[in-house]
Every structure is written in C-alpha cells, then in structure tokens.
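Asker: the sequence isn't on hand, but the structure is:
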C-alpha cells in the first residue's frame, strides 16, 4: 500500500550534553503524519544553516560537502522507499528508518554465501558440475577465507563491506 503523504526534512538539533554553538544535523522522515528522526552525526553552525531549504548556506568546501552528503542521504531514503514498495512491504517512517539504519536485516557474510554455493554445486555433481569444478570452488573458498583472515583479521566479513572497500580503495 502506498502512503498518502511523504516528506523529508533536514534540521539542526542541539545535543542534550553539548554546550557548543554547533548543532547536529538530523533527518526527519514523515509518512502519513508520523515522523521519525535520524541523526546524520554531522555538526553544523546554525548561523550558516538555511532552515527553509534544509541545507547548509554558502559556497565554501565544507558547505558543499555537507550538502552533497545530505543529497546522498535523501537519495538513499528514496531508494529505501522504492525497496519497500518493490518487496510489497508497507511504507512507514519506522520502516524507512530501519532500512536506512540496517535494523532487522540479516547480514550476508561472504564465506557463508560461498559455502552455500559450494553445497549447491555439490548437490548438482554429475548433473551440471564435474568433481574437479567442486574441488576448485573449495580451493577458492579456502583462499578467500585465508585472505579475509590475513587482510582484515576476521573469520568472515559482511558482503556489503566489499562494495565499501572497493569504492574507498
């Protein structure tokens, strides 16, 4: 079911503990009149904030960087909305917040996926795969496990981190 109303708003909010003049930038997601807030964990000076636009003012590099980040976060929110619609889940502010924060998602681990793949190959041995193919996949799994332990010091790794590692290089 589609929502009747949808809105995104970036605003500044004073931390309860902070006495600094800078305030945290928050994202408020409103769906059908119900709002949820998410901290962007970015600090900004209120004197350089355009409340009506929900963006940083100015042409300095820090303003452009923050605004680009906020644009990306807006895009990710719209993508989360699209994802909910495509998976026939209800679009609510809580559901959008959970998708953005990764709450409730089971993490897909690289070695776990690799093992499942190898089990599928083993089930199809003689029908679609030769024994040598399965052996090469097992060897690849061993090499991947060794690499993750050597490079990251982990026993397994969230597959989404591959995208991050690849992009940030």
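Answerer: That came in fine, so what should we check first? The model shown is predicted, which means the values in this text are computed figures rather than measured ones.
Asker: now residue 81, nearest residue through space, not along the chain?
Answerer: Spatial nearest neighbour of residue 81, chain neighbours left out: residue 91 (5.8 Å); criterion: Cβ to Cβ, 6 or more residues apart in numbering. Placement of C-beta: from N, CA and C, glycine included.
Asker: neighbours of that neighbour, just the number please.
Answerer: Close neighbours of residue 91, defined as other Cβ atoms under 10 Å, add up to 18.
Asker: how far does the longest helix seen in the chain sit from its chain's centre?
Answerer: What stands out as the longest helix in the chain, according to DSSP state H, is helix 61-86. Its chain's average C-alpha position is 11 Å from that of helix 61-86, according to Cα atoms, centre = their mean, to the nearest Å.
Asker: point out the other helices and strands that the very next helix or strand once past that helix packs with.
Answerer: Downstream of helix 61-86, the next assigned helix or strand under DSSP states H and E is helix 93-101. Judged by 3 or more Cβ pairs under 8 Å, 6 or more residues apart in numbering; DSSP states H and E, the packing partners of helix 93-101 are strand 23-31, strand 34-44, helix 61-86.
Asker: tell me the angle of helix 93-101 relative to helix 61-86?
Answerer: 120 degrees (axes from the mean of the first three to the mean of the last three Cα atoms, to 10 degrees).
Asker: buried residues, helix 93-101. List them.
Answerer: Across helix 93-101, burial judged by 16 or more other Cβ atoms under 10 Å covers 93, 95, 96, 97, 98, 99, 100.
Asker: can you check stretch 139-147 too?
Answerer: 141, 145.
Asker: ok, residues contacting it?
Answerer: 110, 111, 114, 115, 118 (Cβ atoms under 8 Å, 6 or more residues apart in numbering).
Asker: hmm, what's the outermost residue in the chain?
Answerer: Ranking residues of the chain by C-alpha distance from their mean position (Cα atoms, centre = their mean) puts residue 126 at the top, at 40.3 Å.
Asker: now that one: phi and psi?
Answerer: When read as degrees, to the nearest 10, the backbone of residue 126 gives phi 90, psi -20.
Asker: what do you get for the one 3 residues further on?
Answerer: Dihedral angles of residue 129 (phi, psi; degrees, to the nearest 10) stand at phi -130, psi 150.
Asker: same check, this time on residue 59
Answerer: Per-residue torsions, residue 59: phi -110, psi 10 (degrees, to the nearest 10).
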